[in-house]
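J.: what follows is a protein structure lacking sequence information:
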């Protein structure tokens with residue numbers, strides 16, 4: 001910057017920072033989580049309450065203005081934040097949320113949503129208990145191979161079409177979220193974002209497979225058995241006759257090229273975890289590795305390629321709409337921004353204002369209490385994003401992958417199980433949950449609201465997790 005302009009730099013920084021924080025000119029400083037009071041979590045709580053209450057109390061208003069409500073809560077954090085810590089700190093928080101978390105998150109969702117929407121499973125699929133249980137079991141297996149998001153986006157539409165004539169459909173979608181969008185992803189680092197973060201920290205691929213297999217299999221078998229019993233009972237009391245076709249239509253799959261593109265998405269994610277280029281770019285205080293930029297570029301390219309090669313008739317057959325991904329994009333940018341103080345306070349450990357929670361996971365001698373790691377990681381993963389919550393407790397226990405896989409192996413297992421399994425407790429616990437809900441509602445299923453869904457998780461998952469505690473801890 002020339003000498004004539006340099007004296008105006010503070011003014012330019014302030015003006016641009018207030019107008020568009022991500023374009024502020026100078027790096028900001030991030031306040032220590034130990035200095036933040038719980039009052040900074042109010043906008044995050046407001047975001048969650050808005051998601052929970054507005055669809056119940058003012059559904060039409062919410063449908064048309066949910067993006068504005070998310071923006072309101074984001075500004076409710078950023079403006080006081082800028083006043084307390086400076087415009088630079090506020091800008092730094094926004095850039096970190098966008099570049100470090102939100103953009104990779106939404107690009108992965110966009111790619112999987114778009115590509116899976118180009119795969120059409122057509123034919124005579126009637127939602128009997130046997131078929132539904134089979135689809136849930138298939139999705140549970142696929143979730144650890146192609147990720148919970150990929151498996152959920154691939155199978156939710158065929159499952160909804162198979163049950164379109166059923167009177168009772170909500171339980172099918174709820175158990176789909178439990179199994180395919182969450183618990184099924186617990187076998188590999190590809191399955192669920194928390195495990196992928198552990199993989200990036202040095203936890204070996206096969207450690208996750210070997211140690212998570214018993215608990216994932218246990219939960220999957222129990223939930224599939226409960227679902228089969230419930231669905232069989234509801235199927236028998238079905239009063240609306242299922243449609244009969246004089247000429248049965250065989251099941252056929254169209255758009256198979258998109259299966260190769262999903263494999264490309266999985267490959268791009270793996271590439272970013274295995275490749276260490278050593279090159280990174282500092283974007284207003286947030287380092288972005290070259291491999292991350294390459295991954296995101298590949299994801300965007302695969303998304304555009306899917307749109308180009310997929311015939312319009314296939315997306316029409318899938319009732320494909322951009323609304324679910326737009327809703328998720330708008331709501332989660334608010335969540336990713338407003339969640340920052342809560343995560344910072346947690347990362348401060350016993351020095352932060354959530355010290356009482358942190359102390360619950362350790363004995364008086366300082367040894368980790370595995371049961372409490374399971375429940376604390378899980379409960380916080382239910383309301384905070386489960387990936388950063390996993391990382392907080394991973395670092396709290398030790399932070400060293402070799403130590404975690406060795407003497408603290410049982411603690412690492414508890415953290416992994418809590419983050420993956422209890423991400424199913426609420427719609428916002430794991431990214432695919434909200435997308436599955438949105439797609440189901442787009443298809444005409446009257447999904448329960450935020451608290452209604454939690455009644456399902458309390459009735460089904462809470463007893464399961466108590467049983468898991470007794471069996472595995």
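T.: On my side now, so go ahead. Note that this is a predicted model, so its numbers are computed, not measured.
J.: quick check: next helix or strand after the helix-or-strand element of the chain with minimal mean pLDDT?
T.: Sorting the helices and strands of the chain by mean pLDDT, DSSP states H and E puts helix 9-19 at the bottom, at a mean of 40. Going down the chain from helix 9-19, the next helix or strand is helix 42-57, by DSSP states H and E.
J.: from the chain's centroid, how far away is that following helix?
T.: In this view, helix 42-57 has its centroid 18 Å away from the chain centroid, taken as C-alpha atoms, centre = their mean, to the nearest Å.
J.: and if you look at stretch 432-443?
T.: On the basis of C-alpha atoms, centre = their mean, stretch 432-443 sits 13 Å off its chain's mean C-alpha point.
J.: ok, now stretch 85-101?
T.: Relative to its chain's centre, stretch 85-101 lies at 21 Å (C-alpha atoms, centre = their mean).
J.: need the distance between the two termini of it.
T.: Start-to-end span of stretch 85-101 (C-alpha to C-alpha, to the nearest Å) is 22 Å.
J.: for it, buried residues please.
T.: Within stretch 85-101, the residues that count as buried by 16 or more other C-beta atoms under 10 Å are 85-101. (C-beta placed from N, C-alpha, C; glycine too.)
J.: ok, now stretch 273-286?
T.: 273, 284, 285, 286.
J.: can you give me the end-to-end distance of that stretch?
T.: This stretch, stretch 273-286, spans 18 Å end to end (C-alpha to C-alpha).
J.: that one: how far from the chain's middle?
T.: How far stretch 273-286 lies from its chain's middle: 23 Å, per C-alpha atoms, centre = their mean.
J.: now swap in stretch 190-203 and tell me
T.: Counting by C-alpha atoms, centre = their mean, stretch 190-203 is centred 13 Å from the centre of its parent chain.
J.: could you do stretch 40-57 as well?
T.: Distance of stretch 40-57 from its chain centroid, counting by C-alpha atoms, centre = their mean, is 18 Å.
J.: what sits up against it?
T.: Stretch 40-57 has contacts (C-beta atoms under 8 Å, 6 or more residues apart in numbering) with 61-62, 66, 69-70, 73-74, 76-77, 81, 331, 334-335, 338-339, 341-342, 345, 383, 427-428, 449-451.
J.: what are the phi and psi values for residue 280?
T.: Torsion angles at residue 280 (phi, psi; degrees, to the nearest 10) stand at phi -150, psi 160.
J.: can you check residue 181 too?
T.: When read as degrees, to the nearest 10, the backbone of residue 181 gives phi -80, psi -10.
J.: who's in contact with it?
T.: So residue 181 contacts 143, 148, 149, 151, 152, 424, 430, 432, 433, 436 (C-beta under 8 Å, 6+ apart).
J.: out of the residues you listed, which comes closest to residue 199?
T.: If you rank those by distance to residue 199 using C-beta to C-beta, residue 148 comes first, at 15.0 Å.
J.: enumerate every residue touching the residue lying closest to that closest one once chain neighbours are set aside.
T.: Excluding the flanking residues, the one nearest residue 148 by C-beta to C-beta, 6 or more residues apart in numbering is residue 185, at 3.8 Å. Taking C-beta under 8 Å, 6+ apart, we find residue 185 in contact with 143, 144, 147, 148, 151, 191, 192, 195, 420.
J.: go on, residue 415?
T.: 373, 374, 377, 390, 393, 394, 397.
J.: can I get these in CSV including distance to residue 156?
T.: Output for the contacts of residue 415, formatted as CSV (distance: C-beta to C-beta, whole Å):
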residue, distance to residue 156
373, 32
374, 29
377, 27
390, 25
393, 30
394, 30
397, 35
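J.: show me what the longest helix belonging to the chain is packed against.
T.: Assignment by DSSP state H gives helix 129-162 as the longest helix of the chain. With contacts defined as 3 or more C-beta pairs under 8 Å, 6 or more residues apart in numbering; DSSP states H and E, the packing partners of helix 129-162 are helix 103-116, strand 120-122, helix 170-179, helix 205-236, helix 257-274, helix 431-442.
J.: can you redo those as TSV with mean pLDDT and distance to residue 291?
T.: Putting these into TSV (pLDDT from 0 to 100; distance: least, C-beta to C-beta, whole Å) gives the following:
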stretch	mean pLDDT	distance to residue 291
helix 103-116	85	11
strand 120-122	75	33
helix 170-179	95	31
helix 205-236	93	17
helix 257-274	86	5
helix 431-442	87	21
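J.: closest to residue 304 out of these?
T.: Of all the helices and strands packed on helix 129-162, helix 103-116 comes closest under C-beta to C-beta, at 8.7 Å.
J.: just the angle between the closest one and helix 257-274, please?
T.: Interaxial angle of helix 103-116 relative to helix 257-274 (axes from the mean of the first three to the mean of the last three C-alpha atoms, to 10 degrees): 160 degrees.
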